[in-house]
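Novice: generate a structure from the sequence data that follows.
(one chain, ligands or ions: 1)
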Amino acid sequence: MSVVVETKGLRKAYKDTVAVDNVSLKIAENKIYGLLGRNGAGKTTLMHLMTAQQLPTSGELKVFGENPYENERVLKRTCFIKESQKYPDTFRVKDVLETAADFFPGWDREYAYSLADEFRLPLRRGMKKLSRGMLASVGIIVGIASRAPLTIFDEPYLGLDAVARSLFYDRLMEDYTEHPRTIVLSTHLIDEISKLLEHVILIEGGKLLLDEDADALRGRAIRVSGPAFKVNEFAEGRKTVHRQTLGGLVSAVVIGDGDGGDRERAQRLGLSSETVTLQQLVVHMTNASNANPERKAEI
Ligand SMILES: Nc1ncnc2c1ncn2[C@@H]1O[C@H](COP(=O)(O)OP(=O)(O)OP(=O)(O)O)[C@@H](O)[C@H]1O
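Specialist: Numbers count the residues shown, from 1 in each chain. Model (predicted):
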């Protein structure tokens, strides 16, 4: 595995807030990562560190094997799309698409214009006069057409309608398939992008809660329901991230082995079972870690 971003004990503290707390992770080449977490979890701060927009308080950070700060070699290979992107006052949509070529060696001008057409962007309109959704579309086009080896989107869809969001997911996936690169997507719309994600990084209170292959994760979580003693038998020795009691019945989300045998085992015990969506799992895991901070260990 070729590593694009590596952090060791990375920490970023503002005055009295630790936004990123002892995070050690590796982001591999040519994969799509979901950077997930509640509001204020530390996602934007982590992305700012990875793109050298902020300095860590302590710990190590390497991007493409190097320190990213004021490092042209690294920054040329990185594209960071954030909602609050500022543009020069006089810039029109067209100017953004033309200037991007100076920043990104892999910029595909023709493709950028065809995307602008699909997103129905008025090329001659000033950036200051765009609606929120149009502004988000410009960011998305820059993010896709830059083909940067490390592309990071911080909640890129704000203001985008469902049709435009779906267009974003489709074009991102198509272009990624043709031109593989490392993509980090921070989002709260987990169900919408779930299919795109190959790896999930979940942070809570600045700490790394989960760093796992998305398919493995999807296969491991199961919701079982039935009489309490049977659910307890099923959950014995495994981690339960959510438990709800209704009369004599219990419903529990349990992290299983992911070997495919869990459904059968549940059936043999007479329990009903269903898969858990990535979004549900993230919610349950975040809640479980808040209820019991000791549980922040491995699942
Ligand atoms: N410049 C700053 N000065 C002080 N505190 C900050 C600063 N930037 C972020 N924080 C704090 O650091 C913590 C993490 O914030 P961050 O923006 O990284 O979270 P986030 O996961 O991106 O949240 P959201 O999903 O709401 O965008 C929060 O408690 C926030 O208030």
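
Novice: and the top helix by length along the chain, what's buried?
Specialist: Longest helix in the chain by number of residues (criterion: DSSP state H): helix 162-178. Neighbour counts using 16 or more other Cβ atoms under 10 Å place 164, 165, 167, 168, 169, 171, 172, 175, 176 of helix 162-178 among the buried residues. Any C-beta I mention is one placed from the backbone N, CA and C, and that applies to glycine too.

Novice: show me where pLDDT drops low in this protein?
Specialist: The chain contains residues with pLDDT under 70 at 258-259, 291-299.

Novice: break it down into its domains, please.
Specialist: According to automatic domain parsing, the chain comprises the domains 3-205, 216-296.

Novice: can you redo these as a markdown table with distance to the ligand?
Specialist: Below are these laid out as a markdown table (distance: least, Cβ to the nearest ligand atom, whole Å):
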| stretch | distance to the ligand |
| --- | --- |
| domain 3-205 | 3 |
| domain 216-296 | 12 |
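
Novice: show me where this protein has helices.
Specialist: 43-50, 72-75, 93-103, 109-118, 132-145, 162-178, 190-193, 214-220, 228-235, 261-268, 278-291.

Novice: list the buried ones in the last one?
Specialist: Residues of helix 278-291 classed as buried: 278, 279, 280, 281, 282, 283, 284, 285, 286, 288, 289 (neighbour count, 16+ other Cβ under 10 Å).

Novice: which helices and strands does it pack with?
Specialist: helix 190-193, strand 199-204, strand 207-213, helix 214-220, strand 239-246, strand 249-255 (3 or more Cβ pairs under 8 Å, 6 or more residues apart in numbering; DSSP states H and E).

Novice: deepest of the ones you listed, which one?
Specialist: Neighbour counts (mean count of other Cβ atoms under 10 Å) averaged over each of those peak at strand 199-204, with a mean of 23.

Novice: quick check: angle from that strand to helix 278-291?
Specialist: Following axes from the mean of the first three to the mean of the last three Cα atoms, to 10 degrees, one obtains 30 degrees for the angle between strand 199-204 and helix 278-291.

Novice: adjust the sequence numbering to begin at 76 for everything that follows.
Specialist: New numbering, starting at 76: the last item is strand 274-279.

Novice: got the CA coordinates for strand 274-279 in CSV?
Specialist: C-alpha atoms of strand 274-279 as CSV (Å, rounded to 0.1, in the frame of the first residue of the first chain):
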residue,chain,number,x,y,z
HIS,A,274,-12.7,3.4,3.7
VAL,A,275,-14.2,5.2,6.7
ILE,A,276,-12.5,7.4,9.2
LEU,A,277,-14.7,8.5,12.1
ILE,A,278,-13.7,11.1,14.6
GLU,A,279,-15.3,12.2,17.8
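
Novice: find the residue at the geometric middle of the protein.
Specialist: residue 109 (2.1 Å; Cα atoms, centre = their mean).

Novice: which residues are in contact with it?
Specialist: 260-262, 265, 268-269, 271-272, 274-276, 289, 353 (Cβ atoms under 8 Å, 6 or more residues apart in numbering).

Novice: same question, residue 307
Specialist: Neighbour list for residue 307: residue 325 [criterion: Cβ under 8 Å, 6+ apart].

Novice: quick check: it vs residue 343, distance?
Specialist: 15 Å (Cβ to Cβ, to the nearest Å).

Novice: residue 297 too?
Specialist: For residue 297, the distance to residue 343 - Cβ to Cβ - is 14 Å.
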